[in-house]
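K.L.:
Kindly return the folded structure for what I paste below:
(one chain, ligands or ions: 1)
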Amino acid sequence: MIVTKRKSYKKATERLFESLGDRKVILKGDQKFMASFDSSKLSFEYDALIRARADKDVGIVLKLANEYKVPVTARGAGTSLTGSASPVIGGWVLDFSRMNRITIKKEKAMAVVQPGAVVGVIQEAAEAKGLFYPPDPSSLKYCTIGGNIACNAGGMRCAKYGVTRDFVLALEGYLPNGEKVSWGGEYKKFATGYNIRDLWIGSEGTLGVVTKAVLRLLPKPESRWTCVAAFETERKALSSVKALLGEGATPSILEYLDENSVYCAEDIAGVRLFKEVGGKPLLLIEFDGSRDELKSAKRIVAKWAKQWALAFKDARTEKAAENLWEVRRKCSGAMFAMGDAKINEDIVVPLESQLKFSDFVRRLQKRWNLPMPTFGHAADGNFHVNIMFHREDKEEMHRAEGAVSDLMKKVVALGGTISGEHGIGLAKSPFMRVARNEAEIAAMRAIKKALDPNGILNPGKLFDVFEVWSRKPVKVALPWDKKPILRKD
Ligand SMILES: Cc1cc2nc3c(=O)[nH]c(=O)nc-3n(C[C@H](O)[C@H](O)[C@H](O)COP(=O)(O)OP(=O)(O)OC[C@H]3O[C@@H](n4cnc5c(N)ncnc54)[C@H](O)[C@@H]3O)c2cc1C
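P.N.:
Down below sits the predicted model:
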């Protein structure tokens, strides 16, 4: 099916405005424009921005949307890197930034939160009560729990603690037809019918809209220990990961930086950890837990480092730990010296395929003649391949797209998958058929049809790209970026 030109939802929008008023429904201006795109920088025209303040607003919006078949895109902070929060076929954007209440229930070790609560703020609120919310996407200062749940966000601490899904006990929200539902409650066990909570998690706002979540919290770890090791080669660094995990070590963080990423941090950003062996691939490792647990971790790591590492350093103080982190923090921004645009992929490969994957990335860079600094979460095989190019240079941009296509096919061939944490959205939907077979896509579509028969929730995402790709993104000049990257039809 080819979608025709964007419809105007004039009548529906008038009724929406009558129901919610001008404080909640914004029809023009900067605020509305800023919600026309997310961090993918794909911007689309749409009819109304809705600033929800209470659950019942959401019910009203969805009931009307269903009646008039208006597309609705839920929105947290708009940090999605895939276009999942961009309103690709127009309609309404339902913004949750005003619904951001957080209640920490210490005796239950739970947080009850509204979807617009910022993840970093939830973490701080938990820590203030001696508790701990582990999922830590790098965007945590801005992104919301609603967006994290919808994308099943990950982060560095996944190595030990897992992803957002592992901390969601219950969800409350609305079906696309505007009926209120809750999947679970403030309890840790439920065996009461289908687990639709888990279907909503990672569904990128296509199956339901979250208005409340109950999160599991852990006791705050007593202390942490950070160390970094440099290796002769990338192969050696990655082989050592398997060896370390094989020794029974359970690092909370195990970050890998390839030679290109280290070059960015050291030669461009000027952070040098090892004067004697600069430029070598690194592993940045952190353990947390009780003092006894850290003692045993230190023993395992000392033996391991002797066998595998070219150089090794650990941090005795919090400040020293922060210094070790500099290299990882600075490499990402420094990459822009290699090109003013980056496609940041977040593929996953199983542990046993990591060496083949690293060899492949080297070949990929040669084949497409583009730098691709790669770093990531080595313990769970979730690597960020950063394909750098110059946006002015059309030919370079085509090469970058060619490289993405090769990468997607290869990770699937290596037994991995095309996204570990950012999700599919628009950017990766052309590759859903690489990652999923026809039967799997048909099953997903059947679920979508059953829960959202009118197809109003975030249409055009996940597997619908073929249906909407005929619509051109609108060219916009962003305040910080005069020339956004626009995908071709
Ligand atoms: C600098 C940077 C670093 C990042 N690092 C990481 C990282 O380490 N790990 C990681 O996983 N991601 C990372 N991301 C990606 C992004 O931050 C995550 O995908 C995050 O989960 C998006 O949250 P958000 O609040 O911005 O959601 P948005 O971008 O607004 O929306 C994302 C999706 O969630 C849906 N949604 C939002 N609210 C609701 C709701 N209430 N109900 C239903 N659906 C909803 C939207 O429709 C959309 O599909 C990074 C992004 C940036 C820009």
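
K.L.:
Start and end of stretch 276-288, how far apart?
P.N.:
29 Å (Cα to Cα, to the nearest Å).

K.L.:
average model confidence for it?
P.N.:
Mean pLDDT, stretch 276-288: 93.

K.L.:
So for stretch 175-183, what gets flagged as buried?
P.N.:
By 16 or more other Cβ atoms under 10 Å, the buried positions in stretch 175-183 come out as 175-178, 183. In short, each C-beta sits where N, CA and C put it, glycine included.

K.L.:
does it come close to the ligand?
P.N.:
No: for stretch 175-183 and the ligand, the contact criterion (Cβ under 6 Å from any ligand atom) is not met; the two come no nearer than 10.7 Å.

K.L.:
hmm, who's touching that stretch?
P.N.:
55, 59-66, 72, 170-174, 195-197, 200, 207-209, 212, 451-452, 454, 456-457 (Cβ atoms under 8 Å, 6 or more residues apart in numbering).

K.L.:
Keep only these that also lie close to the ligand.
P.N.:
For the ligand, the contacts drawn from those by Cβ under 6 Å from any ligand atom are Val209.

K.L.:
Need the buried ones from the contacts of stretch 175-183 selected in ChimeraX.
P.N.:
Selection of buried members from the contacts of stretch 175-183 for ChimeraX, criterion 16+ other Cβ under 10 Å:
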select :55,59,60,61,62,64,65,66,72,170,171,172,173,174,196,197,200,207,208,209,212,451,452,454,456,457
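
K.L.:
ok, back up a step: for the ligand, state which of the buried residues of stretch 175-183 is nearest.
P.N.:
Ranked by distance to the ligand (Cβ to the nearest ligand atom), the buried residues of stretch 175-183 are led by Pro176 at 10.7 Å.

K.L.:
Setting aside sequence neighbours, what's the nearest residue to whichever residue of the stretch 351-489 of the chain sits closest to the ligand?
P.N.:
Nearest residue of the stretch 351-489 of the chain to the ligand (Cβ to the nearest ligand atom) works out as Glu421 at 3.3 Å. Residue nearest to Glu421 in three dimensions, not counting chain neighbours: Gly154, with 3.6 Å by Cβ to Cβ, 6 or more residues apart in numbering.

K.L.:
where's the one you found relative to Arg224, distance?
P.N.:
Gly154 sits 19 Å away from Arg224, going by Cβ to Cβ, to the nearest Å.

K.L.:
Show me where the stretch 251-400 of the chain has its strands.
P.N.:
For the stretch 251-400 of the chain, the strands defined by DSSP state E, counting those that start in this stretch cover 253-257, 282-289, 311-314, 341-348, 374-377, 382-389.

K.L.:
What's the local residue count around the residue nearest to Glu421?
P.N.:
27 (other Cβ atoms under 10 Å).

K.L.:
what's the answer for the one 4 residues further on, then?
P.N.:
By the measure other Cβ under 10 Å, the count of residues near Cys158 is 25.

K.L.:
which residues does the single nearest residue of the stretch 151-300 of the chain relative to the ligand contact?
P.N.:
Going by Cβ to the nearest ligand atom, the ligand is nearest to Gly205 of the stretch 151-300 of the chain, at 2.9 Å. By Cβ under 8 Å, 6+ apart, Gly205 lies in contact with 73-74, 84-85, 150, 457-458, 461.

K.L.:
Now that the residue nearest to Glu421 has come up, it's in contact with Pro134, right?
P.N.:
No: under the criterion of Cβ atoms under 8 Å, Gly154 is not in contact with Pro134, lying 10.6 Å apart.

K.L.:
Could you tell me what pLDDT the model assigned to whatever residue of the stretch 101-250 of the chain ends up closest to the ligand?
P.N.:
Closest residue of the stretch 101-250 of the chain to the ligand, Cβ to the nearest ligand atom: Gly147 (2.1 Å). For Gly147, the pLDDT comes out at 98.

K.L.:
how close does it get to Gly130?
P.N.:
Remark: distance between Gly147 and Gly130 (Cβ to Cβ) = 27 Å.

K.L.:
ok, now Lys212?
P.N.:
For Lys212 relative to Gly130 (Cβ to Cβ), the value is 24 Å.

K.L.:
go on, Val404?
P.N.:
Counting by Cβ to Cβ, the gap from Val404 to Gly130 is 44 Å.

K.L.:
Same drill for these two, tell me which one is more crowded.
P.N.:
Val404 (21 against 12).

K.L.:
ok, and the closest non-adjacent residue to the more buried one?
P.N.:
Nearest non-adjacent residue to Val404 (Cβ to Cβ, 6+ apart): Ile343, at 5.9 Å.

K.L.:
Check what pLDDT the closest residue to Gly415 other than its chain neighbours gets.
P.N.:
Spatial nearest neighbour of Gly415, chain neighbours left out: Pro350 (5.1 Å); criterion: Cβ to Cβ, 6+ apart. Looking at Pro350, its pLDDT reads 96.

K.L.:
My guess is Pro350 contacts Leu414. True?
P.N.:
Yes: the pair Pro350 / Leu414 is scored as a contact, 7.4 Å apart, by Cβ under 8 Å.

K.L.:
if I've got this straight, Leu426 is in a strand?
P.N.:
No: remark: Leu426 does not belong to a strand; assigned using DSSP: H, G, I helix; E, B strand; the rest coil, it is coil.

K.L.:
measure it to Arg367 for me?
P.N.:
Distance from Leu426 to Arg367, by Cβ to Cβ: 26 Å.

K.L.:
So between those two, which is more surrounded?
P.N.:
Leu426 (25 against 13).

K.L.:
re earlier: go through the buried residues of stretch 175-183 and say which is closest to Gly381.
P.N.:
Nearest to Gly381 among the buried residues of stretch 175-183 is Trp183, at 29.4 Å by Cβ to Cβ.

K.L.:
Can you tell me the closest non-neighbouring residue to the closest one?
P.N.:
Nearest to Trp183 is Arg197, by Cβ to Cβ, 6+ apart, at 3.5 Å.

K.L.:
confidence score at that neighbour?
P.N.:
Value for Arg197, per-residue pLDDT: 97.

K.L.:
Lys488 too?
P.N.:
Lys488 is given a pLDDT of 38.

K.L.:
who does the helix or strand harbouring Thr103 pair up with?
P.N.:
Thr103 is located in strand 102-105, with elements delineated by DSSP states H and E. If you go by DSSP bridges, strand 102-105 pairs up with strand 110-113 (antiparallel).

K.L.:
Ile201 touches Gly146, doesn't it?
P.N.:
No: the criterion here is Cβ under 8 Å, and Ile201 misses it with Gly146 at 11.2 Å.
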